[in-house]
Structure formats: C-alpha cells, structure tokens
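# just a sequence and a predicted model for now, questions to come.
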Amino acid sequence: MTDRETRLTDTFVTLADTLVRDFDLTDLFHTLATTCVSMLDVTAAGILLAGPSETLQVVASSEERMRLLELYELQNEQGPCTDCFRSGRAVHEPDLQSTQRWPLFTARAIEEGFASVDAIPLRLRDTRLGALNLFKEAPGGLPEGDRRVAQALADVAAIGLLQERAVRESQLLAEQLQHALNSRVTIEQAKGILAEQGELSVVDAFERLRSHARATSTHAGEVADLIIQGVLTIDDLH
C-alpha cells in the first residue's frame, strides 16, 4: 500500500475503536479533523456535533481561525455545515467569491483567507449527528476522490460515536437494573420487619411503606433502608 493508504487504514481503525478503556470522544474528532488536513487537499477542517436538542456545537478544529469561523456560522445560523446537517447531504461550494448562498458566512470566510468549502455529513442512515467542514485557501473545493474519502472517514467516525453511545447507554441501563434489584431486596426485608412489628400482612406492610414514601417525597428504597436500620418503625409511618 502507499503511505496515504496505510495512514488511512490506521485512521479508520482509530475512529472505529471506541470500546477501549481510555476512549476519548474529543480525541476521536480531533483525529478526524487533523487527518483530513494531512491527507486531503484541504487547508483546515472543523467538526460540528448536534446535542440532544439538535443544537450544533463546535467539537474539533484543526486551527483557531477555523474554530472561530464555525462559531460565527452557528451564531448566524447560516453556512455550509448548517445546511449539510439539516439536509443530511454533502455541500460543495468551489468558489466562495461567486456564491450568494450564505452572505454573512461567506464574507467572514473570505476575510479569514478561505476560497472554497466542502461540508460532509456525519450520519448513519437517517440518524444525523453533525457535519465535517473542509476549507481550502484556493478555489475548486475537494476533488471527487477526496470527497469520497472524507465521507468514508465521517461515516466511520459516526459509527464509532453511535457505538460509544450504545455502550454507555447499555452500561447505564445495567446500573439502573442492578439498583432496582438491590432496592427490591431491601424493600422485601423492610416489608417483613413492618409486618412483624404491626402484625400486618406483607401486602399491608408494603402499602404502609409506600404511603410513607409518597407522603414524604422519598424513594421507597430509601424508606426501606431506614426501616432496616431501625430509624423508622411501624409507628413512624404515615
């Protein structure tokens, strides 16, 4: 393989490997931005990522003027990356001097020394995650081959991001389930204590526990803990 192909292969592995213990999302997108600059015919690269409310935020930039330009784009809600994210399709503008699509953004981009731009969607099928901005100081934009490589890099990064989210959500779900199981064991013990103290059925004991939790705006598991510790007795419950 050529040196570029070898480096691209290594980058694909890095972007996809989100299961390692020291995975860093910021590093993932910084790697994507710097790789685009080093391997593609572009001057600068930046990445915008959508939050839960689909509000775009700057997460990585290859240089400071790129970061400031992206912030300006978000502030004015116009520009190639914004259009790319909204449509889910790539935006290709080979000559910023001649376009009328984004008046405010274009003027600022030219002022920063850029002459053309490509915006590549970060997406997986219908799931839109953000966009990758690629700027050049010369007109023309990215050649078709480089655009395909940029989209492939963005696709792998998107898969890596979604995989990391799935792992994180799975871990959270597992923790929530374990907490629920632990709480259930505690409640069962507390029900037995209350039933014995008040000579109640287990069902009635649980109703007393639950009513007290609701009346005091406390989780049932926390009330059960207090009962087991002897802080609360049947006479203390609402």
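Sure thing, it's come through. Owing to the predicted nature of the structure, the values given are computational and were not obtained by experimental measurement.
# residues making contact with stretch 72-92?
Residues outside stretch 72-92 that contact it (Cβ atoms under 8 Å, 6 or more residues apart in numbering): 46, 48, 50, 56-58, 70, 93, 101-105, 108, 117-121, 123, 126, 128, 130-133, 141-142, 147, 151. In short, each C-beta sits where N, CA and C put it, glycine included.
# which regions of the protein lie under the pLDDT threshold?
By pLDDT under 70, the weakly predicted segments of the chain are 1-25, 164-177, 180, 238.
# so Pro139 sits in a helix?
No: using DSSP: H, G, I helix; E, B strand; the rest coil, the secondary structure at Pro139 is coil, not a helix.
# what is the neighbour count of it?
Neighbour count of Pro139, defined by other Cβ atoms under 10 Å: 13.
# got the contact list for it?
94-97, 115-116.
# still on that earlier bit, which of the contacts of stretch 72-92 are buried?
If you count burial by 16 or more other Cβ atoms under 10 Å, the buried members of the contacts of stretch 72-92 come out as 46, 48, 56, 58, 70, 93, 102, 105, 108, 117-121, 123, 128, 130-133, 141-142, 147, 151.
# in helices, which of the contacts of stretch 72-92 appear?
Among these, DSSP state H puts 70, 103-105, 108, 147, 151 in helices.
# residues touching Arg208, list them.
Contacts here follow Cβ under 8 Å, 6+ apart; on that basis Arg208 touches 194, 198, 200, 234, 237-238.
# most surrounded residue in those?
Neighbour max across the contacts of Arg208 (other Cβ under 10 Å) = Leu194, 24 neighbours.
# now the farthest one out in this structure, which residue is it?
Glu199 (53.0 Å; Cα atoms, centre = their mean).
# how near is it to Ile120?
71 Å (Cβ to Cβ, to the nearest Å).
# determine which two of the contacts of Arg208 are furthest apart.
Spatial extent of the contacts of Arg208 (Cβ to Cβ) is set by the pair Leu200 and His238 at 14.5 Å.
# quick check: Val42 touching Leu134?
Yes: using Cβ atoms under 8 Å, Val42 is in contact with Leu134, at 4.4 Å.
# common neighbours of those two, please.
Shared contacts of Val42 and Leu134, defined by Cβ under 8 Å, 6+ apart, are found at 36, 118, 142.
# show me what the second one bridges to in the sheet.
Spelled out, it's Asp118. Taking DSSP bridges as the rule, Asp118 bridges to His92, Leu134.
# got the contact list for it?
42, 80, 90-93, 133-134, 141-142, 147, 150.
# now do the strands in the chain.
44-50, 56-61, 91-93, 116-124, 127-136 (DSSP state E).
# would you mind giving these as CSV with distance to Arg210 added?
As requested, those are arranged in CSV below (distance: least, Cβ to Cβ, whole Å):
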stretch, distance to Arg210
strand 44-50, 41
strand 56-61, 43
strand 91-93, 56
strand 116-124, 43
strand 127-136, 40
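# how's the protein carved up into domains?
3-170, 171-236 (automatic domain parsing).
# so between Val42 and Leu134, which is more surrounded?
Comparing Val42 with Leu134 by other Cβ under 10 Å, the one with more neighbours is Leu134, at 30 against 24.
# close enough to count as contact, that one and Cys36?
Yes: assessed by Cβ under 8 Å, Leu134 is found in contact with Cys36 at 5.9 Å.
# any shared contact partners between the two?
Listed as contacting both Leu134 and Cys36 by Cβ under 8 Å, 6+ apart are 42, 45, 150.
# near Ile227, how many other residues are there?
With other Cβ under 10 Å as criterion, Ile227 counts 27.
# so what's it up against?
Here Ile227 is in contact with 190, 193-194, 209, 233 (criterion: Cβ under 8 Å, 6+ apart).
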